[in-house]
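[1] Need the 3D shape of this:
(one chain, ligands or ions: 2)
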Amino acid sequence: MSTTQQSYIAVEEPKAAARPISLARLADYLELTKPRISTMALISVALGYTLGSAHSWSLLPLIHALFGIGLVAVGCNSLNQLLEIKSDQLMPRTTGRPLPSGRLSVSEVLVFGILCALTGIFYLALMVNLLTAFLSMLTLVLYVVVYTPLKRCTSFCTTIGAIPGAMPPILGWTAAGGNLNTASFSIFAIMFLWQFPHFLAIAWLYRHQYHQAGLKMLPAADPRPRMIGWMCVIYATLLIPVSLLPQYVSLAGSVYSGVALVLGIAYLIFSIRFLGNETRKTARELIWCSLIYLPVLLITLTWDRLQLFN
Ligand code: HEM
Ligand SMILES: CC(C)=CCC/C(C)=C/CC/C(C)=C/COP(=O)(O)OP(=O)(O)O
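    Ligands and ions are numbered 1, 2, ... in the order given. Have a look, this model is predicted:
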């Protein structure tokens, strides 16, 4: 029996429901939530909420929104990992996750994921508003039902994945009572475009693992030199004018635009460095730049928005 066959069987084996609750088990559930991406998503929700409410900001509705959206996000990540046990098992980056390593069973994650997602959607419908509940459900469907299976078929999956990825600040915005208008669209557009250099650099870094696992995150298994670099440069360039839209739609002022311009130029420089020399080092630096860009941009946008009301 091959190692791969043996490890597939390991997924079915544990009678996890019979295991006592322990710190290690709680840690497995925490890992299932993809805590770092989820934290960034919830920070984006909170900032989107503040942008959408401005002078009528209050804490309790924000806590309700974070709780409900957080549950849906946990449901998204659990069900995503449930659909990817086999490919996660084949990649060193993900093989240690609770499902492929057999620390959590399929049935318990299925129940946990569905329960979290449904509770989150109903909670949002009851305690926040119907629009936020509906958009959270749409985010779940796009991420779990469309993006996740599409990863095995076409690299276009990433463009689809960038739609749920751009939803967190919009969910915060609608939770605060904001309408889906040009202002909210400008935030969606920024977050949508930001993701391309972010995941392209990641997909390039792990291209051999993705290929081995049968996931088509890049247009080619072994992309032509500079192809991914050019894609990063094009998206980072497009992001610069789009990141200036918030001032154009009166969501923010010139301080925001100045910071957005500096961040955008930095993101472009890191993309150009990656294009000029496609190495693990330049890819990692571009990923780091993406992870600094987003929170700094959203925090500045929120701060500047609040200044307009003071
Ligand atoms: C199509 C969209 C996206 C894809 C394919 C993607 C993919 C990934 C992958 C595979 C990693 C792990 C990198 C590693 O193991 O070295 C990662 C890291 C990260 N991503 Fe994304 N991501 C996307 C969108 C987002 C969004 C929307 C957010 C925030 C709201 C985000 C936040 C993060 C953070 C904070 C990390 C670093 C922490 C970690 O490695 O877990 N990503 N991303
Ligand atoms: C309701 C709500 C706020 C939901 C969360 C939305 C969100 C932040 C989605 C992330 C987007 C995305 C495509 C991540 C990569 O997943 P992947 O499966 O490619 O990553 P992996 O390879 O690490 O599993």
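[2] remind me which residues of the stretch 51-200 of the chain are low pLDDT?
    For the stretch 51-200 of the chain, applying pLDDT under 70 flags the ranges 54.
[3] which bits of it sit near ligand 1?
    Within the stretch 51-200 of the chain, the positions lying close to ligand 1 (C-beta under 6 Å from any ligand atom) are 93, 158, 161-162, 165, 168, 195, 198-199. Where C-beta positions appear, they are placed from N, C-alpha and C, glycine not excepted.
[4] Show the buried residues in the residues you listed.
    The neighbour count (16 or more other C-beta atoms under 10 Å) marks 158, 161-162, 165, 168, 195, 198-199 as buried among those.
[5] Filter those residues down to just the ones in helices.
    158, 161-162, 165, 168, 195, 198-199 (DSSP state H).
[6] which of those sit farthest apart?
    Spatial extent of those (C-beta to C-beta) is set by the pair 158 and 168 at 17.3 Å.
[7] do the helix or strand hosting residue 30 and ligand 1 meet?
    Residue 30 belongs to helix 23-32 when assigned by DSSP states H and E. No - Helix 23-32 stays clear of ligand 1 (C-beta under 6 Å from any ligand atom), getting no nearer than 10.3 Å.
[8] is ligand 2 contacted by that helix?
    No - contact of helix 23-32 with ligand 2 (C-beta under 6 Å from any ligand atom) is absent, the minimum separation being 10.9 Å.
[9] Columns distance to residue 293 on top of the buried ones among the residues of the stretch 51-200 of the chain next to ligand 1, output as JSON lines?
    Output for those, formatted as JSON lines (distance: C-beta to C-beta, whole Å):
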{"residue": "158", "distance to residue 293": "18"}
{"residue": "161", "distance to residue 293": "18"}
{"residue": "162", "distance to residue 293": "15"}
{"residue": "165", "distance to residue 293": "14"}
{"residue": "168", "distance to residue 293": "15"}
{"residue": "195", "distance to residue 293": "11"}
{"residue": "198", "distance to residue 293": "9"}
{"residue": "199", "distance to residue 293": "13"}
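[10] Those residues: which ones sit near ligand 2?
    Among those, the residues that sit close to ligand 2 (C-beta under 6 Å from any ligand atom) are 161, 165, 168.
[11] So which residues on the protein come close to ligand 2?
    For the chain, the residues in contact with ligand 2 (C-beta under 6 Å from any ligand atom) are 37, 41, 69, 72-73, 76, 80, 136, 139, 143, 147, 161, 164-165, 167-168.
[12] among these, who's most crowded?
    Among the residues of the chain next to ligand 2, residue 69 has the most neighbours (other C-beta atoms under 10 Å), with 33 neighbours.
[13] so how far is residue 174 from that one?
    10 Å (C-beta to C-beta, to the nearest Å).
[14] if we can go back for a sec, show me what counts as buried in the next helix or strand after the helix holding residue 30.
    Counting by DSSP H and E, the element after helix 23-32 in chain order, helix or strand, is helix 35-53. Buried positions in helix 35-53, judged by neighbour count with 16+ other C-beta under 10 Å: 38, 40-53.
[15] what sits up against helix 35-53?
    57, 61-62, 65-66, 69-70, 73-74, 77, 168-178, 183-184, 187, 191, 251, 291, 294-295, 298-299, 301-302, 305-306 (C-beta atoms under 8 Å, 6 or more residues apart in numbering).
[16] tell me the secondary structure for residue 93?
    coil (DSSP: H, G, I helix; E, B strand; the rest coil).
[17] And residue 250, by the same measure?
    Quick answer, by three-state DSSP: residue 250 is coil.
[18] I'd like to know how many residues surround it.
    11.
[19] gap between it and residue 135?
    Distance from residue 250 to residue 135, by C-beta to C-beta: 23 Å.
[20] What are the buried residues along the longest helix along the chain?
    Criterion DSSP H: the longest helix present in the chain is helix 280-309. Within helix 280-309, the residues that count as buried by 16+ other C-beta under 10 Å are 282-283, 286-287, 289-290, 293-294, 297-298, 300-302, 304-305.
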